[in-house]
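Participant: can you look at this prediction? I've put the sequence above it.
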Amino acid sequence: MLQKVIKAPMIEALVCNTDTPDYSPQNGNNMLLVGTKFESNYRAFMQFDLSSLPFFSVIRSGTLHLFVARNDFPASASSLGIFQIRSHWEPQTLTWNEQPLVSSSPVDSFEVNYQAATFLTFNVTSLLQDWFSNPSANLGLMVKFMNESSCNFLTIPGYKYPDCHFWPYLELNILDQAPLENHRMLCAIPLEQFVTVSTQPFIQFTLPANVLVYDYSYLVVNIGRSVARAYLQISPDGATWEDQSDTKVINPGTIVSFVPDVIAKYARLAYQSEPASPNTTLQIYIQGRS
């Protein structure tokens, strides 16, 4: 069964050739700047976490969406390129003179002209397939104009922007079942997945896991400093969900387990910040055996 998965960036940064500005994501700002404005050239960097995808997933398609909030120099059309990053980088130490290695050719590009208040889309299917089969290659993406000598300057909301509807995001269509001829092999392989998430005031969900052949449990470790809540859900088809546990409070520095009472094909964990509490960080494990 095909499932649609949405992924926001887990890391963002930008560099500028005249200096790293105080309004960069590294300094807590919520906007990404790309292009050339007067004497300054800007490039944006982002990285996505695919580790929560089920082990036997097949990525059928993948698209990167970037919302253009402002287009300050729309008169001259130019191609905006998405480039694969090929070396490790840290957002806090990133500068124009200390950039990671990137591919010489873009993964995809978009001819930007008068686009503003709209999403630009890029086909990144082959790159995501490579990252999923080889996680060590997932070092992120750089966004820049192909021609940085002309005046093309975009403002793009980052994942710290207050309205999540305008965040950059990956849209993946995945097939989460292994081929039928591998079913016996599947049953003999332990289920073990792990993801680190940041809670929000609203409810979020882990990616549905196909657990039909497993005895399994979810274990949640609160490694942050604030209180969170979570509960288990199950589904027969990945679309209709039933709450399978009471909501449990997860205090900082504690671990809480969730074990189902009913057999169903799919399971997921719902989680959020404790009302009126700051966001926190959770490590979510799903472990099982056939």
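Facilitator: Received the coordinates, thanks. Residues are numbered from 1 along each chain as shown.
Participant: flag the shaky bits of the stretch 151-290 of the chain, pLDDT-wise.
Facilitator: The stretch 151-290 of the chain contains residues with pLDDT under 70 at 176-189.
Participant: residues contacting residue 223?
Facilitator: 196, 252-253, 281-283 (CB atoms under 8 Å, 6 or more residues apart in numbering). Quick note: C-beta positions are derived from backbone N, CA and C, even for glycine.
Participant: wouldn't residue 207 be in contact with residue 269 here?
Facilitator: No: counting by CB atoms under 8 Å, residue 207 does not reach residue 269; the two are 9.8 Å apart.
Participant: neighbour count winner among these two?
Facilitator: Higher neighbour count among residue 207 and residue 269: residue 269, with 25 against 22, using other CB atoms under 10 Å.
Participant: so what pairs up with that one in the strands?
Facilitator: Counting by DSSP bridges, residue 269 is bridged to residue 232.
Participant: who touches it in this structure?
Facilitator: So residue 269 contacts 205-206, 218, 220, 230-233, 258, 284, 286 (CB under 8 Å, 6+ apart).
Participant: let me have the residues you listed in TSV, extended by distance to residue 101, neighbour count and secondary structure.
Facilitator: Output for these, formatted as TSV (distance: CB to CB, whole Å; neighbours: other CB atoms under 10 Å; DSSP: H, G, I helix; E, B strand; the rest coil):
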residue	distance to residue 101	neighbour count	secondary structure
205	35	13	strand
206	33	21	coil
218	38	25	strand
220	37	22	strand
230	39	24	strand
231	43	17	strand
232	43	22	strand
233	42	20	strand
258	42	21	strand
284	32	19	strand
286	35	25	strand
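Participant: where's the closest residue to residue 139 other than its chain neighbours relative to residue 226, distance?
Facilitator: Among residues not flanking residue 139 along the chain, residue 85 sits closest, at 4.4 Å (CB to CB, 6 or more residues apart in numbering). To residue 226, residue 85 is 32 Å away according to CB to CB, to the nearest Å.
Participant: what does residue 115 give?
Facilitator: Distance of residue 115 to residue 226, computed by CB to CB: 39 Å.
Participant: please parse the protein into its domains.
Facilitator: Per the record, the chain has its domains at 2-175, 185-289, by automatic domain parsing.
Participant: and the helix or strand encompassing residue 14, which residues are buried?
Facilitator: For residue 14, the element it lies in under DSSP states H and E is strand 11-16. For strand 11-16, the neighbour count (16 or more other CB atoms under 10 Å) marks 12-16 as buried.
Participant: now the strands for the stretch 51-200 of the chain?
Facilitator: In the stretch 51-200 of the chain, the strands defined using DSSP state E, counting those that start in this stretch lie at 58-68, 70-71, 78-84, 108-112, 118-123, 141-145, 153-157, 169-175, 191-198.
Participant: do a quick rundown of the helices in the protein.
Facilitator: Secondary structure of the chain (DSSP state H): helices at 125-133, 183-187.
Participant: the first one relative to strand 169-175, how many degrees between them?
Facilitator: It refers to helix 125-133. 70 degrees (axes from the mean of the first three to the mean of the last three CA atoms, to 10 degrees).
Participant: next, the angle from helix 125-133 to strand 58-68.
Facilitator: Per the same axes, to 10 degrees, the angle that helix 125-133 makes with strand 58-68 is 120 degrees.
Participant: quick one: list the elements packing against helix 125-133.
Facilitator: strand 58-68 (3 or more CB pairs under 8 Å, 6 or more residues apart in numbering; DSSP states H and E).
Participant: residues in contact with the strand it packs on?
Facilitator: 2, 53, 82, 108, 112, 115-125, 127-129, 132, 141, 143, 154-157, 166-176.
Participant: what residues sit buried inside stretch 232-241?
Facilitator: Under the neighbour-count rule (16+ other CB under 10 Å), stretch 232-241 has 232-235, 238, 241 buried.
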